[in-house]
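this one's sequence-less:
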């Protein structure tokens, strides 16, 4: 039987829910990732991670939420590059809240929101909080939501291998850089064009943001650091580690017997 | 080059937009469709239609909006079957509004919202209206949005062939019936389980709705009529006609020289 | 004692509510209806129907909600004719939700929303749904709302008589046409000016909507079909049938002993 | 030609608007007014005033907004008497804002909001402010809105006559008292039941409000002072003075040549 | 131990709440008050009153809400003088609602909202009402909120002394006049510049408001009446009387044994 | 003349604005900070920083926004300790948006939002973005907003001195730890109770969040690391460096001649 909720009939899905399956909701973004990565990088990777982890825990993957919160200049290049498609904060909050509440109404009590876009962070917190609040108003007291950005932590070992032969620009500048490029090479090689990686100096961001954003702060490619040294092997390292972390997190919260 | 916006890099997308490409946004639903069709039927079919039409007009398909407005008892069976995942009306309005406004901010002036879920209808109207209103506030006066449910009209000829040997239940009862089943057989045969079609009498809906909805009004399968007589051939007839209608609509509004 | 809530004192109203009276809330629109019908046609007819049905079931008619959801080009001519006064979707949802919740707070458990404007449909669904949801949050579990457009169905017999000697344009083009004109001639003859009916060809709408709307799609009069053949006699047929349908619906849901 | 917008066809209305007619929007409430006055007192009186003033200035009266902001204990008795039907503040703001913006979109540049319910006051201010703000965003810079509660001021002479032979309870306690009773006797005598006026001591409100409200603060009848000494003659004095004040206000702002 | 919530550690605060301390939330405005009073007059005075009353009842003062609802022309001079910083009505409602709900979540059951800005009035009513409503949805049934403008009533004796030797302009024109000036002289003498009081005729407001507001209605100083005759002694009279009234109100509602 | 907007009269403020003064808006939180720091730590420090920087650039400090976004378990201990007073995300967005828009309406073109609470980050981004968007709708195109958390970066030199003799727990665990304690000792020594610092092991947070939050994850004191080694001298180092960073940021964006 499919692991994707959209591919199940309602009675198949119901059986899975009654068996207490974890439901994973991937949330990403449509956002520029330089000349070499596709606009859908974030939601595709979040969905990939959710699917892989779901396979490990016999979970179900809900239809991904492709659009995410407003890309910020210092973390994602901001909005000036064509294609970055930002939701207002309130829109994302309500969207995720509605879906999560519906999953709980279906009977799901173990819900996981898998985030693939840094800027979504606090908006997903709010969505989860509000979902729980309204579920409690409705008398549903036992639903629990685990929310994580799949790349929350990386082992030192992996870091060393991934950045071998190059400098680590810092996680803040990893947008469109080695990490994302390597993972996409591993998961969606056809969508990566390594030859288009542009060699630009690292941006030097000041310790503040400006509104309206200043496009001059961002490299012309949109990538905040270079993905040149990315390989599918490095991608495999990263992806498998992240899959393991997500899986372990789900198991820890949702599978331990009390 | 891919026709899917999510698979393009931002500069590829930008070139397409500068060439005045039509951008199509599929909107669907995650909703029960009986025991034999998957929960994602509506958003998958809307995306399919958008993709096929985009191929015809050299357009771009934006990441689909999978979740839609609240299923209603008399048109989609309502919310009581497990898996139907309803957005609040305000959430859907803002979601579509935000995405459409961003497409226009990218430079798209020919935008098409392709609907695959009946209940979305007026909410998409509102989303498009509000998007135009706010774009005008922002000084963007020339964006135009075409919005259609892909199955808005069917030729008599096709109808005759599709319902040959059976009774036409009326479009209102077509939820999970011959039309959708046939189209899915043609487009996503692996996701259809004809053997699970349940033979239930047609529901006799009164001329009103009740809140809370009454599950007794709806056949236990969730399908409002039987998909038994569906075939991939009938699906082809329907799908190709719909693709032609969507394509022709786009051409008529967006490709005629003034 | 008056049947109109606005004409009752609070203690009279309370007695009626304690006797389990059905409360009917008419919702309409202020919208162009051609040169021969008044802007208030929809809310006046909805109120008329509510009043007539209330008389039959010893109900109470709440103050009508005169303004409705945005007129759409293909169903009501859209917004370009002067006088059409559109509420945003969110405004109508909250307005009806608030009123319905207050009726339930008063003690009403049998509430009927009587719609006289096609475009209100899904917004009233949302209002009723949200009212029920918030009432449940507040511990009121047994309120029930019946919602219907009063003209939901017409018998073949009536249709034949009404369209005798003319062509049936289809319900979609009935805006300002024979049906509404006949009903208004029967109910509010002083407000109808048959001599002003303009003879224009039927509009040929494409299977989609455009935003912004295209005024050229709509006949200059604003009526989507001709009301010329309307008579008060035809109006009586229609109105009495609709009154019977609304009455019967109320009785079926609210008066049958379990 | 009718003075009521709802009774005009769109082209008649348009002609009036092009002649720069003032459009008056009555806003009231559905609220308990003691045992002797009907629940619709506020919106009926606001509509009456709007109509009378419109006759004087050749204006147009838009469909009244019947429901108003939440009745407060110390000014209207609060919400505990059955029948008081309160809108949330945000709902009223958006409702009036939407209607006023539509009137301006029709071409009206002289708009008057005539208030008949004390608690509406600041919400109507906000609605008017937001309408002007959004109209300016839309490029409509010259719309002007006059907003007044029709009973804003009373001449000493009238006060003396109205309260002759009794004590003046203060305007704050006039809810359901002599003023409103007298006006209703003059305007809608059939809806007043003087014999049901209950003789209760004046409430002694503390200088604060409590939430939840305390029903014990309010006389059991709901009227905050006695309407016993009301007469149609007193009502005439008041009403004609208010009509004159509203008329004069409209003339002063909208009819003086610059 | 400090009386200001912001100066307490969470465990100190918790002990106070467990002892059933009243929590007072001051709400004010940042608004012009003529040339002689500071922009923060309203929130500073509200905070002063809350602090003094809290000392009397062993209460706690929450961090003040400095910004308030939109200043209106006839009560505060409106928005055209530089520095008046208006919140939208919806913003203030949600802000106060959120804070009050959090205080109740902490365990506070005796909450007082102390208002220092006339225009906040109905918005604070709504905030308190909605807080109670949502608390009840969350199962908190026993929280009670007292809301008052600290200057709700003044004794005749004090009025006589305060206006001795001058004319009473009416409370409506007291914005920036003797009352506020005197109180500020007593409480914050360093922030008052009596020499800058401008001698302007009293404004003669019509019985209505205009949107957009007309700056010509307002004296150029922004004060609606003259503060010239203000003294710290008069301020003391007023302030001490108000402190007593607030204190007594709190005691009456929150300290009487049942 | 005072540097605090609340202490200026409107005409004084206006003169400063016309001289192109930078206006700084501090935003903080009311949030538990262990047993030894006061609930107001975040808004007090943000206000302190804004005031010090304003002195350096001849700016103006607007009334602080004391309440902030929802404390999260892994960054601030979450909501379970008494006293943490969380705004909903939407409330904070609108509050900051409204104030910033008003500052721009006053004529301010150089606006700085100084954040003292980590969780506010993306909500302030949204507030600033929406403010700019609506200002542009209103025709104000040249307002610019600098937004920063005052502690965005710390020099290695300072870090070494501050953590000399102890372990650096990582910035994520600095809530109520050495940094904040030291700064408060320097700025508000009377409000710090070093003796109450509790010696608890560092929390080991998993790489995800749970909703509802799990209080067991957080040390019982609420502080995420120990403030024991904090001294006023370390505080001075930190504070003066932050003041310098904020000042320099303002100068860089707002004072450089083009």
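Here it is on my side, so go on. All of these numbers come straight from a predicted model, not from anything done at the bench.

Just the pLDDT for the residue of chain A found nearest chain E.
Residue nearest to chain E within chain A: residue A:137 (4.3 Å; Cβ to the nearest Cβ). Backbone N, C-alpha and C define where each C-beta goes, glycine included. What the model reports for residue A:137 is a pLDDT of 98.

Can you report how many residues lie near it?
Residue A:137: 18 surrounding residues under other Cβ atoms under 10 Å in any protein chain shown.

same deal with residue A:251?
Neighbour tally, residue A:251, other Cβ under 10 Å: 14.

which residues touch the helix or strand it falls within?
Residue A:251 belongs to helix A:232-254 when assigned by DSSP states H and E. With contacts defined as Cβ atoms under 8 Å, 6 or more residues apart in numbering or on different chains, helix A:232-254 is touched by A:22, A:24, A:48-50, A:52-53, A:56-57, A:59, A:110, A:112, A:114, A:144, A:146, A:148, A:150-155, A:158, A:161-162, A:178-179, A:181-187, A:189, F:206-208, F:210.

before we move on, what about stretch A:47-54?
With Cβ under 8 Å, 6+ apart, stretch A:47-54 has contacts from A:3-4, A:22, A:24-26, A:28, A:59-61, A:64, A:112, A:114, A:116, A:150, A:187-188, A:239, A:242-243, A:246-247, A:250.

so residue A:230 sits right up against residue A:181, yeah?
Yes: here residue A:230 reaches residue A:181: they are 3.6 Å apart, a contact under Cβ atoms under 8 Å.

most distant residue from the middle of chain A?
Using Cα atoms, centre = their mean, the residue of chain A lying farthest from its centre is residue A:139. It sits 30.6 Å away.

quick one: the strands in chain A?
Secondary structure of chain A (DSSP state E): strands at A:23-27, A:60-61, A:68-69, A:86-87, A:110-115, A:144-149, A:209-211.

and those strands as a markdown table, adding mean neighbour count and mean pLDDT?
Converted to a markdown table, the strands of chain A look like this (neighbours: other Cβ atoms under 10 Å in any protein chain shown; pLDDT from 0 to 100):
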| stretch | mean neighbour count | mean pLDDT |
| --- | --- | --- |
| strand A:23-27 | 28 | 98 |
| strand A:60-61 | 27 | 98 |
| strand A:68-69 | 28 | 98 |
| strand A:86-87 | 26 | 98 |
| strand A:110-115 | 27 | 98 |
| strand A:144-149 | 23 | 98 |
| strand A:209-211 | 23 | 98 |
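
Serialize those to CSV and add fields for distance to residue E:81.
CSV is the format used below for those (distance: least, Cβ to Cβ, whole Å):
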stretch, distance to residue E:81
strand A:23-27, 46
strand A:60-61, 57
strand A:68-69, 37
strand A:86-87, 37
strand A:110-115, 46
strand A:144-149, 47
strand A:209-211, 27
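
wait, which of those is closest to residue F:11?
Nearest to residue F:11 among those is strand A:209-211 (28.9 Å), distances taken as Cβ to Cβ.

That closest one - contacts with which helices or strands?
helix A:73-76, helix F:121-137, strand F:144-149 (3 or more Cβ pairs under 8 Å, 6 or more residues apart in numbering or on different chains; DSSP states H and E).

Between those, which one is closest to chain D.
helix F:121-137 (4.3 Å).

Could you tell me the end-to-end distance of stretch A:111-130?
Stretch A:111-130 has an end-to-end distance of 14 Å (criterion: Cα to Cα, to the nearest Å).

Tell me if it is near chain F.
Yes: Stretch A:111-130 is in contact with chain F by Cβ under 8 Å from any Cβ of the partner chain, via A:119, A:121-123, A:125-126, A:128-130.

now that we have those residues, which one has the most neighbours?
residue A:123 (30 neighbours).

pretty sure it contacts residue F:89?
Yes: Residue A:123 is within contact range of residue F:89, at 7.0 Å (criterion: Cβ under 8 Å).

Overlap of the contact sets of these two?
The contact sets of residue A:123 and residue F:89 overlap at A:89, A:93 (Cβ under 8 Å, 6+ apart).

The stretch 151-258 of chain A against chain B: which residues are in contact?
Counting by Cβ under 8 Å from any Cβ, the stretch 151-258 of chain A sits next to chain B at A:191, A:193, A:196, A:222.

now these: which count as buried?
For those, a burial check counting by 16 or more other Cβ atoms under 10 Å in any protein chain shown picks out A:191, A:196, A:222.

Those residues in helices, which ones?
Judged by DSSP state H, helices contain none of these.

Now for residue A:111: which residues touch it?
Counting by Cβ under 8 Å, 6+ apart, residue A:111 has contacts A:22-25, A:100, A:103-104, A:143-146.

Oops, could you answer that again for residue A:181 instead?
With Cβ under 8 Å, 6+ apart, residue A:181 has these contacts: A:36-37, A:192, A:194, A:197, A:227, A:230, A:235.

any idea how far the closest residue in space to residue A:255 that isn't next to it in sequence lies from chain B?
Leaving aside its sequence neighbours, residue A:255 sits nearest to residue A:57 (Cβ to Cβ, 6 or more residues apart in numbering or on different chains; 7.0 Å). Applying Cβ to the nearest Cβ, to the nearest Å, the value for residue A:57 to chain B is 20 Å.

can I assume residue A:57 is in contact with residue A:110?
No: in this structure residue A:57 lies outside contact range of residue A:110 using Cβ under 8 Å: 9.2 Å.

which residues are in contact with both of those two?
In contact with both residue A:57 and residue A:110: A:22, A:250, A:254, using Cβ under 8 Å, 6+ apart.

Looking at the residues you listed, spot the one nearest residue D:44.
Among these, residue A:22 lies closest to residue D:44 (Cβ to Cβ), at 58.5 Å.

need the contact list for that closest one.
Residues near residue A:22 by Cβ under 8 Å, 6+ apart: A:54, A:57-60, A:108, A:110-112, A:250, A:254.

For the residues you listed, work out which two are farthest apart.
Spatial extent of these (Cβ to Cβ) is set by the pair A:58 and A:111 at 15.0 Å.

In contact with the nearest residue to residue A:65 once chain neighbours are set aside, which residues?
Distances taken as Cβ to Cβ, 6+ apart place residue A:27 nearest to residue A:65, at 4.5 Å, with adjacent residues excluded. Residue A:27 sits next to A:43, A:46, A:64-65, A:68, A:96, A:113-117, A:120, A:124 when contact means Cβ under 8 Å, 6+ apart.

can we see that at 6 Å?
A:65, A:115, A:120 (Cβ atoms under 6 Å, 6 or more residues apart in numbering or on different chains).
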